[in-house]
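**Student:** Structure for this input, please:
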Amino acid sequence: MGGPDTVAFQDETFDQEALQSDMPVLVDFNAEWCGPCKALAPTIDALASAYKGKVIVGTVDTDSCPNVSARFGISNIPTVILLNKGEIVDKFVGLRSEDDYRKAIDACLG
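**Tutor:** As a prediction, the model looks like this:
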C-alpha cells in the first residue's frame, strides 16, 4: 500500500518524520491482511497527492511497526490519526469518506 506521495512510516523514524514535523501529519494505521485497509488505501493516496507540500500523509503497518501502534493505542484498523505539532487533532476508526478527512485537514490548515 502507498502511492508515490505517501510516506511509509517506521518505528525508528516515526518521531522525526511525524511528531516533529512542522506540517500536519495524517497517519493511516493498517495491515496488509486487512480488507477495509486495502479499500481505504486509494483514498489515503489521493489525500497525499492533493495535500502534497501542505500535509504529510503516511501509513503505519501495525504488524511491522508495533511500537508506534502501541503508543497510540491502536486496537482497530483502519484507524487514521491527524497530528499537528505532535498532538492528536482528530482520530477516525473504520472506513470513512475522503470528504471526512478533507474537512479535518482543512480545519487543521486553517
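**Student:** Could you find the closest non-adjacent residue to residue 57?
**Tutor:** Nearest residue to residue 57, sequence neighbours excluded (CB to CB, 6 or more residues apart in numbering): residue 48, at 3.7 Å. No exception for glycine: its C-beta is placed from N, CA and C like everyone else's.
**Student:** For stretch 65-78, which residues meet the burial criterion?
**Tutor:** 65, 68-69, 72, 74, 77-78 (16 or more other CB atoms under 10 Å).
**Student:** re earlier: the residue nearest to residue 57 contacts residue 27, correct?
**Tutor:** No - in this structure residue 48 lies outside contact range of residue 27 using CB atoms under 8 Å: 11.5 Å.
**Student:** hang on, the earlier thing: can you get me a residue count around the residue nearest to residue 57?
**Tutor:** 22 (other CB atoms under 10 Å).
**Student:** sorry, back to before: could you dump the buried residues of stretch 65-78 into a markdown table and include pLDDT and secondary structure?
**Tutor:** Formatted as a markdown table, these follow (pLDDT from 0 to 100; DSSP: H, G, I helix; E, B strand; the rest coil):
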| residue | pLDDT | secondary structure |
| --- | --- | --- |
| 65 | 95 | coil |
| 68 | 95 | helix |
| 69 | 95 | helix |
| 72 | 95 | coil |
| 74 | 95 | coil |
| 77 | 97 | coil |
| 78 | 97 | coil |
